[in-house]
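Novice: When you get a sec, could you give me coordinates for this:
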Amino acid sequence: MLDIAAELRRWCEEGRDFAVATVVSVGGSAPRQPGAALAVDAEGTAVGSVSGGCVEGAVYELCQEALRTGETVRETFGYSDEDAFTVGLTCGGVIDVLVSPAPAADRLVRPVLAAAASAAADGRTT
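Specialist: Coordinates of the predicted model:
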């Protein structure tokens, strides 16, 4: 998430609604590690990556759905012979992605997210 912190800070300052997808766990070989993130705003602009391209389209759709419903969702992406033609990781690994909406009107989460994005963008830990 550190690689998109400056953009998230800007989105917070501009009052944009957005959703953030974050890799929360990895099994086996995976292109990105826990903490990798993709964010999508209400206009469809995306920043970041959770998989280096393997499942970005599906995660983008999950972010848009989170914006529509306001619901947080956790999704697992991986590869198996049964799922060879579905969205997954061709590297043979498994990633779990947590997708959370961050609407500008959320008075509980949004200030915390804005402060965390600002600290991360500035390289601060507090």
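Novice: which residue ranges form the helices in the chain?
Specialist: Ranges of helices in the chain, per DSSP state H, are 5-14, 56-69, 109-121.
Novice: show me the contacts for the closest residue in space to residue 25 that isn't next to it in sequence.
Specialist: Here the nearest residue to residue 25 in space, its sequence neighbours aside, is residue 96; by Cβ to Cβ, 6 or more residues apart in numbering that works out to 4.4 Å. Yep, even glycine has a C-beta here, placed from its N, CA and C like the rest. The contact partners of residue 96, by Cβ atoms under 8 Å, 6 or more residues apart in numbering, come to 23, 24, 25, 26, 74, 75, 76.
Novice: And the residue nearest to the spatial centre of the chain, how close does it get to residue 63?
Specialist: Here the mean C-alpha position of the chain is nearest to the C-alpha of residue 21 (Cα atoms, centre = their mean), at a distance of 1.7 Å. When Cβ to Cβ, to the nearest Å is the yardstick, residue 21 and residue 63 sit 6 Å from each other.
Novice: who touches both of the two?
Specialist: What both residue 21 and residue 63 touch, as defined by Cβ under 8 Å, 6+ apart, is the set 38, 39, 40, 99.
Novice: which ones among those residues are found in strands?
Specialist: Of the positions in those, 38, 39, 40, 99 sit in strands, assigned by DSSP state E.
Novice: Now render the residues you listed as a markdown table, adding neighbour count, distance to residue 108 and pLDDT.
Specialist: Rendered in a markdown table, the data for these read as follows (neighbours: other Cβ atoms under 10 Å; distance: Cβ to Cβ, whole Å; pLDDT from 0 to 100):
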| residue | neighbour count | distance to residue 108 | pLDDT |
| --- | --- | --- | --- |
| 38 | 26 | 23 | 95 |
| 39 | 23 | 19 | 97 |
| 40 | 24 | 21 | 97 |
| 99 | 24 | 18 | 97 |
